[in-house]
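K.L.:
The following block contains a protein sequence and its predicted model.
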Amino acid sequence: MARASGRPAADGGEEQFDLWPPRVQVEALDVRSVVGAQTRVTALYRVRYEREPGVHQVFHDHHGWYCADHGPACKAVRDVTARHVPPPAP
């Protein structure tokens, strides 16, 4: 088995290296057509994970980045912000 070097796992051993990590699909959506013309949302993304059902909707507004269902700590927020430059502040 391939192992990651030096990263501790929850069981005290080393974390297993994933040879085929799940694909992440990040799709930018048109904010005005989805949310409406009077919205304060400045960016909107749909995030899908290969091995998980459902989708995440990640927004950016005057509160910052967040997932509609899981809040700012959601892994989809991390995936969007890692791939995309945050929009300018209004």
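P.N.:
Perfect, thanks for sending it.
K.L.:
Now the helix or strand harbouring Arg78: buried residues?
P.N.:
Element membership for Arg78, per DSSP states H and E: helix 75-83. Taking 16 or more other Cβ atoms under 10 Å as the neighbour-count basis, helix 75-83 is seen to contain the buried residues 76-77, 79-80. To be clear about C-beta, it is placed using only N, CA and C from the backbone, and glycine gets the same treatment.
K.L.:
Alpha carbons only: can I get that helix in CSV?
P.N.:
Once non-C-alpha atoms are left out, helix 75-83 reads as follows in CSV (Å, rounded to 0.1, in the frame of the first residue of the first chain):
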residue,chain,number,x,y,z
LYS,A,75,-14.9,21.7,2.1
ALA,A,76,-16.6,23.0,-1.0
VAL,A,77,-15.8,26.5,0.1
ARG,A,78,-12.1,25.5,0.4
ASP,A,79,-12.2,23.9,-3.1
VAL,A,80,-13.7,27.0,-4.7
THR,A,81,-11.4,29.5,-3.0
ALA,A,82,-8.4,27.3,-3.9
ARG,A,83,-9.3,27.4,-7.6
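K.L.:
ok now it, how far from the chain's centre?
P.N.:
On the basis of Cα atoms, centre = their mean, to the nearest Å, helix 75-83 is displaced by 3 Å from the centre of the chain it belongs to.
K.L.:
Can you name the residues in contact with that helix?
P.N.:
Contacts of helix 75-83 with the rest of the structure, by Cβ atoms under 8 Å, 6 or more residues apart in numbering, involve 24, 26, 45, 47, 56, 58, 65-67, 70.
K.L.:
Show me just the buried residues among those residues.
P.N.:
Buried members of the contacts of helix 75-83, scored by 16+ other Cβ under 10 Å, are 24, 26, 45, 47, 56, 58, 65-67.
K.L.:
Most widely separated two among those?
P.N.:
When Cβ to Cβ is used, the two most widely separated members of the buried ones among the contacts of helix 75-83 are Val24 and Tyr66, lying 17.6 Å apart.
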